[in-house]
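1. Return a 3D structure for these sequence lines:
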Amino acid sequence: MNLNERSTHLSHDFGTRAAFAYVLCGWRTLSEIPLTSVPTSPHTSGSVDVHIQIAPGRSPIAKNAGGGVREHSAEYSLIRITGVADFEVSGGRQICIWPTDGATQKDIEIFLFGPVWASLCHQRGLLPLHASAIVTTGGITAFAGHSGAGKSTTAALLDSLGYELVADDILPISFNHGTVPGAWPYLRRLKLRGDAIIQFALTPTEPVSETLDKEKYFVRPKFAGDDKWSTIERLYLLEIYQTDAGVSIDRITGVEAVRALIDQTYHFEFIIRSGLFRDHLANCIRLASKIPIYRVRRSPSLGEGKELWSLICAHLKDQST
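-> Numbers count the residues shown, from 1 in each chain. Got it, this is the predicted structure:
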């Protein structure tokens with residue numbers, strides 16, 4: 001596919017289109033938008049867990065409300081992204097979208113699959129971590145970290161070595177029977193820069209966006225995890241540390257581990273505005289008590305390279321034996 005192909009603009013008549021079926025986070029999802037680089041589901045019957053709709057009429061956010069509007073409660077969210085769209089998330093089941101005139105579908109999807117989907121996960125009581133994840137012998141291994149820490153590139157490297165991709169950027173965690181942490185796959189695709197694509201000899205499908213995220217491309221993984229819930233084996237917290245001269249991996253526990261999970265919660269603003277911090281803290285404490293969490297530190301000058309990845313690969317093998 002031509003990498004310079006421009007995204008098509010959304011029109012306001014999407015409500016007349018047939019719905020497209022997907023499975024995201026184990027939820028049967030119907031969308032009035034054909035989602036970019038997301039495989040459709042063959043299942044066409046049965047109950048619907050999540051419905052994504054281009055809503056008719058006016059947005060519930062006032063026209064003159066300005067940008068950056070955020071309203072969250074336990075079961076309802078309103079989000080305005082200036083120049084892109086207004087989003088309404090309700091009951092952990094319904095996402096309504098009011099596109100801004102001239103907004104592209106891909107720009108809308110950046111926020112739909114990010115803070116909007118994270119709000120839906122929060123409403124359902126899940127813990128969405130800012131993480132990419134692969135399948136290892138003992139379950140799911142996650143790589144959390146702030147933007148630029150190397151989550152997607154690390155997942156791409158391990159996928160090239162035969163590990164199956166589970167998620168990129170958001171990993172929504174749930175607890176089976178209230179105790180065992182695990183996750184369903186979410187967006188089994190990678191978003192990578194051109195240098196990483198060349199380095200791992202991958203084939204890009206199309207640009208993430210022509211306006212908001214112009215330097216990244218969607219990439220299909222070589223190996224994708226099965227569409228099933230799996231337990232989480234461990235989590236690596238990727239950090240760029242200004243005073244470190246090399247790379248180190250150290251286990252963190254207790255309050256430090258819980259604090260790291262809170263810090264790596266995707267769209268933490270929902271937790272603050274909805275008043276659900278106590279419940280969220282309980283989930284973070286529960287997860288920290290169930291899986292080992294490791295901090296991976298590297299200096300800015302080192303970058304993402306063989307030393308970092310060799311250390312992570314060796315650590316994965318050591319911990320699985």
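2. where's the residue nearest to residue 175 when sequence neighbours are not counted relative to residue 154, distance?
-> Among residues not flanking residue 175 along the chain, residue 181 sits closest, at 5.6 Å (C-beta to C-beta, 6 or more residues apart in numbering). All C-beta atoms are positioned from the backbone trio N, CA, C, and that covers glycine. As for residue 181, its distance to residue 154 is 21 Å (criterion: C-beta to C-beta, to the nearest Å).
3. Now do the strands in the stretch 201-321 of the chain.
-> Counting by DSSP state E, counting those that start in this stretch, the stretch 201-321 of the chain has strands at residues 204-207, 216-219, 230-240, 247-252, 293-298.
4. quick one: low-confidence parts of the stretch 51-200 of the chain?
-> 67 (pLDDT under 70).
5. wait, isn't residue 28 in contact with residue 50?
-> Yes: taking C-beta atoms under 8 Å as the definition, residue 28 is a contact partner of residue 50 at 7.4 Å.
6. Settle it for me: which of the two has more neighbours?
-> residue 50 (21 against 18; other C-beta atoms under 10 Å).
7. Who does the more buried one form a beta bridge with?
-> The bridge-partner assignment for residue 50, based on DSSP bridges, gives residue 29.
8. buried sites along stretch 169-189?
-> By neighbour count on 16 or more other C-beta atoms under 10 Å, the buried set for stretch 169-189 is 169-175, 181-189.
9. Show me the contact partners of the helix or strand the residue nearest to residue 175 falls within.
-> Per DSSP states H and E, residue 181 falls inside strand 180-183. For strand 180-183, contacts defined as C-beta atoms under 8 Å, 6 or more residues apart in numbering pick out 25, 133, 139-140, 166-167, 171-176, 229-232, 286-287, 290-291.
10. mind running it again at 10 Å?
-> The set of residues external to strand 180-183 that reach it, using C-beta atoms under 10 Å, 6 or more residues apart in numbering, is 25-26, 126-129, 131, 133, 139-140, 142, 166-167, 170-176, 225, 228-233, 235, 283, 286-291.
11. show me the contacts for the spatially most central residue of the chain.
-> By C-alpha atoms, centre = their mean, the chain has its centre lying nearest to residue 170, at 2.0 Å. Taking C-beta under 10 Å, 6+ apart as the criterion, residue 170 is in contact with 25, 113-115, 117-118, 121, 128-133, 183, 186-187, 266-267.
12. Tell me which of these fall in helices.
-> Of those, the ones assigned to helices by DSSP state H are 117, 118, 121.
13. hang on, the last one packs against residue 280?
-> No: assessed by C-beta atoms under 10 Å, residue 121 is found out of contact with residue 280, at 11.5 Å.
14. Those two: who's more crowded?
-> Comparing residue 121 with residue 280 by other C-beta under 10 Å, the one with more neighbours is residue 121, at 26 against 20.
15. got the contact list for that one?
-> By C-beta under 10 Å, 6+ apart, the contact set of residue 121 is 25, 27, 89, 92, 127-129, 170-174, 186, 266-267, 270.
16. Can you tell me which of these is nearest residue 73?
-> The nearest member of those to residue 73, counting by C-beta to C-beta, is residue 270 at 9.5 Å.
17. That closest one touches residue 78, doesn't it?
-> No: assessed by C-beta under 10 Å, residue 270 is found out of contact with residue 78, at 11.4 Å.
18. which residues are in contact with both of these two?
-> Here residue 270 and residue 78 have 70, 72, 89, 119 as joint contacts, going by C-beta under 10 Å, 6+ apart.
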